[in-house]
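Colleague: Show me how the following folds:
(chains A and B)
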Amino acid sequence: MLFNSLFFLFVFFPIAYFVFWRLRNKNQRYIWLAITGYVFYGTWNYKFCALMLFSTVVSYFSGLAITSASDQRRRKFFLILPITVDLLLLGFFKYFNFGLRTVTSAAEWLHLPLHAQAIDIVLPVGISFYTFHTITYIVDSYRGVIKPTRNFFEFACYVSLFPQLVAGPIVRFRQIESDLENLGEADRTRNINRGWSFFAIGMMKKVLIADSIAAVIDPALANYAHLSTLSTWICVLGYTYQLYFDFSGYSDMAVGLGYLFGVRIPQNFNSPYKAVDIADFWRRWHISLSTCLRDYLYIPMGGNRGATWKTYRNLLVTMLLGGLWHGANWTFVFWGGYHGVLLGLNRIFAQNLEVVDIRLRRVATFLLVVIGWVFFRSTRFSMAGTLLKHMFIFHSGDAVAAMPGMVGVLVVSAAIAHLMPNTFELTHEWRPVWVGAFAVGYVLCLIVITGSNASPFLYFQF
Amino acid sequence: MILAFAFDLGARLVPLGWLSYHTFEPALRQWHTSIGPFEPGRVVVKEHAYGDMGVLGNLHSFREYRRQEFRVDQLGYRNSPLPDGTTYAGIVLGDSFVIGIDEPDEFTLPGQLTKLAGAHYYNAGSGPFPPLDTVAKIASRLRVSSGVVVVELLERRTRLDPLPLKIVEKPAPRPSTSVLPAIFTPVGRLLALKLEIQSRFPSPGRILCQRIFKQVQDGVILPNPYASRVFREKLINGDELLIYPEDLDQVGNIDALSTGWSSLVAAFRDRLAEQNLKVVVLLVPNKFTVYAPLSQTTLNDPRGAQLLETLENKLRSRGVPVVNVTSAFRREAADRLPHHEYLYWRDDSHWNASAIQIAADLVWREIQKVEGKEVTKR
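Modeller: Model prediction:
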């Protein structure tokens, strides 16, 4: 079930919403939200609900055990146990076949007689997200940042909260703890306008912009070797904006849904394509992930507190693992490493860069990010190599279909991404003419959703 | 969203004729009120109907707009109302080619046979092998005794394995709950009814949205993902025809297919003979089979003509009167090509009045032979 599907809009959401606000106390609301979360998740594959439940139960009891443990050894044990369980689950479902392929390729290269058969593993939707939710909960419990909840339903509600379940943002327990605690007294009307505004904006970003771009570039990139230089640039720029509007659109919808249920989900994108350097980009792009990587990987590794070479090592390792988190493919790892190198270079030359005109810095940062997306989008290095070659060495070839429309969408996308305020910067208090415009936009979204096949969000398989 | 929901519900009251591109879909019966496939008494008129291939491929530039008028009689078949007591010389069975999707009543195959014969031929188009009980009912209501039943068989159908098909005595009962255990029968009946309603009452809201969205999927604003659903055959005169891609596929085992179909037709002939009805079979080629020799692109011959010829021979060997219009169509198609005139609609899979006229002439001659009359030409 997708947010931009008719079943969600006309069946699931109305039922979830109306029943939620008929319930009177927070426990009932926890249970209802947990149920809706499992139903939402179950529409992808009901069998994997058991997996999520297992991860939830292990983390819940580990959290309590950490609090009640008398000595540091026991506390550490209950820290390591759920993290190990979660990482094993994630590792198996997401990376087992990847590891097997890598080992097999290496063995072939070394002429070793090793043949390993990949097994048919279905990747549970959203596993990368909900395992991060439980891991951050456990680590924060261990660090004393939060007090683990004794209410199982509250915790289950947190893990399975459907707005952020399958594609984020990665919400830490402490970020919504107070909202959950006060869920029984939440006022339905307090953030209703804000919620709908976020949801509508997110829907329009996803359906009208991201999906329109996808309709053009997906078939073109399936035939990437034959694209001309101009078409390659159009496809790569298209993907740059598609990824942003798809993911930030989803995040906006998640935030909007959170508001509608009395939960304030934090910002995940802060106009990343306005970044002045790579470090700034990572403060603006997928904020929930980058802060998790910082707090739970980079800083525990030592951050920038050790020797200089260790800082760069920590940066690189963090970004490599961040890349791997996105997908079981070496191109993702390379993309992560690419950004790790850029972050390192940024640290070295930060002071020199400050004298450069800010507009030039924005353009340069954007270009570097676009190049990185080439690897992110490519299924193999040869594809990335061909795309980069066509981008920077003139190549005559096929044009993308619907070029006029695509150029128009790119211009609009660029204007919104580079010049306009992002969703969190808006006041969400709209004059009637804007409400009318939203209504028209929403109707257009419904027309597109109804009139075409629904496309999944790009990030939900992570 | 509430408004959208209300709009969808309210729009279900809109006549389907407002939304369809053809006239026959709105005329299809919703409930089992007749023996034919259409709603008795229904009249559907569309001033700007267009063809199925243009819709399939979302190719607006190919549309050939035409007026369509579709009248359904009390038996549920497409026939103009005639006075009670009208006598009929025969019945024509077949698919949409007999129904005459794109033609007025008088230019359909039964209409043209009526003109040639000076006696009425009944349009019972709904499928070439309806239940025998249905044929008997039609014959009885129309008082057709010792008449002719023309069975139209399209090449596209003969490419399919006929083995799963059987001569059926009676129509299947509906709604069907036979797949559900008896214990669930009350619920099963409700579910089956719900599914049947859903399939018979498409959401006009969804249809409208799809049509609006398809307007921008024109290859200029957004790519047209439907374009690959049709094949654009370029002819030697520069014109293009839209073809089903499946029609370009090679025919399977011609011997097995023709044997299977000739057995089925012969069995049908034998059963109708029990009702004192004589059968004449009409074999109609696909558009691509007719126009392949006139195509600019060199494509492998899918052997459709060979299939029909083999089937024709096998039917004759079983004593079934048969007309295969492939050669006649190919000759006419070549003659008309310099004038940019065609035997099939360019934007549709169906034949037009010109082709029907040729087929009707040939069928009428065969009917005259079958009835032992002197063969007269038009």
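Colleague: tell me which element the closest residue to chain B within the stretch 51-200 of chain A falls in.
Modeller: Nearest residue of the stretch 51-200 of chain A to chain B (CB to the nearest CB) works out as A:W196 at 9.8 Å. All C-beta spots, glycine's among them, are computed from the backbone N, C-alpha and C. Per DSSP states H and E: A:W196 is located in helix A:192-204.
Colleague: Export the helix or strand following that helix to PDB, keeping only CA atoms.
Modeller: As assigned by DSSP H and E, the chain's next helix or strand after helix A:192-204 is helix A:211-221. The C-alpha trace of helix A:211-221 is given here as PDB (Å, rounded to 0.1, in the frame of the first residue of the first chain):
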ATOM      1  CA  ASP A 211       6.500  10.500 -11.200                       C
ATOM      2  CA  SER A 212       6.400  12.700 -14.300                       C
ATOM      3  CA  ILE A 213      10.200  12.700 -14.400                       C
ATOM      4  CA  ALA A 214      10.300   8.900 -13.900                       C
ATOM      5  CA  ALA A 215       8.000   8.300 -16.800                       C
ATOM      6  CA  VAL A 216      10.500   9.900 -19.100                       C
ATOM      7  CA  ILE A 217      13.900   8.900 -17.700                       C
ATOM      8  CA  ASP A 218      13.200   5.300 -16.700                       C
ATOM      9  CA  PRO A 219      12.700   4.100 -20.200                       C
ATOM     10  CA  ALA A 220      15.500   6.300 -21.500                       C
ATOM     11  CA  LEU A 221      18.000   5.000 -18.900                       C
END
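Colleague: Now do the next helix or strand after helix A:211-221 and helix A:192-204, the angle between them.
Modeller: Toward the C-terminal end, the helix or strand that comes next after helix A:211-221 (DSSP H and E) is helix A:229-260. Here the directions of helix A:229-260 and helix A:192-204 differ by 160 degrees (axes from the mean of the first three to the mean of the last three CA atoms, to 10 degrees).
Colleague: just checking, the residue of the stretch 51-200 of chain A closest to chain B touches A:L260?
Modeller: Yes: at 7.3 Å, A:W196 and A:L260 qualify as touching, with contact defined as CB atoms under 8 Å.
Colleague: Domains of chain A: list them as residue ranges, please.
Modeller: With domains defined by automatic domain parsing, chain A comprises A:6-185, A:192-461.
Colleague: what sits opposite B:L93 in the beta ladder?
Modeller: B:V151 (DSSP bridges).
Colleague: quick one: contacts for it?
Modeller: By CB atoms under 8 Å, 6 or more residues apart in numbering or on different chains, B:L93 lies in contact with B:A124, B:G125, B:S126, B:G127, B:P128, B:F129, B:P130, B:V135, B:V149, B:V150, B:V151, B:E152.
Colleague: From the residues you listed, list just the buried residues.
Modeller: Neighbour counting by 16 or more other CB atoms under 10 Å in any protein chain shown classes B:A124, B:G125, B:S126, B:P128, B:F129, B:P130, B:V135, B:V149, B:V150, B:V151, B:E152 among these as buried.
Colleague: Looking at the residues you listed, which are in helices?
Modeller: B:V135 (DSSP state H).
Colleague: on that earlier part again, if you skip the residues just before and after it, what's nearest to the residue of the stretch 51-200 of chain A closest to chain B?
Modeller: A:G256 (6.6 Å; CB to CB, 6 or more residues apart in numbering or on different chains).
Colleague: Any idea how many residues pack against that neighbour?
Modeller: A:G256 has 25 neighbouring residues, counting by other CB atoms under 10 Å in any protein chain shown.
Colleague: Would you check that it makes contact with A:N193?
Modeller: No: the pair A:G256 / A:N193 is not scored as a contact, 10.4 Å apart, by CB under 8 Å.
Colleague: Let me see the contact set for B:P162.
Modeller: B:L257, B:G260, B:W261, B:S263, B:L264.
Colleague: which one among those residues gets closest to B:E240?
Modeller: Nearest to B:E240, judged by CB to CB, of the contacts of B:P162 is B:L257 at 29.8 Å.
Colleague: Surely the closest one touches B:G304?
Modeller: No: in this structure, B:L257 is not within contact of B:G304 by CB under 8 Å, at 11.0 Å.
Colleague: neighbour count winner among the two?
Modeller: Neighbours around B:L257 and B:G304, counted as other CB under 10 Å, are more numerous at B:G304. The numbers are 25 against 20.
Colleague: Give me the distance between that one and chain A.
Modeller: 31 Å (CB to the nearest CB, to the nearest Å).
Colleague: which non-adjacent residue is nearest A:M383?
Modeller: In this structure, A:M383 finds its nearest non-sequential neighbour in A:Y224, 6.0 Å apart by CB to CB, 6+ apart.
Colleague: tally of neighbours for A:V216?
Modeller: 25.
Colleague: Quick check: it touching B:N224?
Modeller: No: the criterion here is CB under 8 Å, and A:V216 misses it with B:N224 at 11.1 Å.
Colleague: any shared contact partners between these two?
Modeller: Counting by CB under 8 Å, 6+ apart, the common neighbours of A:V216 and B:N224 are A:A401.
Colleague: From the contact counts, what lies against the helix holding A:W196?
Modeller: Helices and strands touching helix A:192-204, by 3 or more CB pairs under 8 Å, 6 or more residues apart in numbering or on different chains; DSSP states H and E, are helix A:229-260, helix A:432-451.
Colleague: Make a markdown table from those helices and add distance to B:L282 to it.
Modeller: What follows is the helices and strands packed on helix A:192-204, written out as a markdown table (distance: least, CB to CB, whole Å):
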| stretch | distance to B:L282 |
| --- | --- |
| helix A:229-260 | 50 |
| helix A:432-451 | 40 |
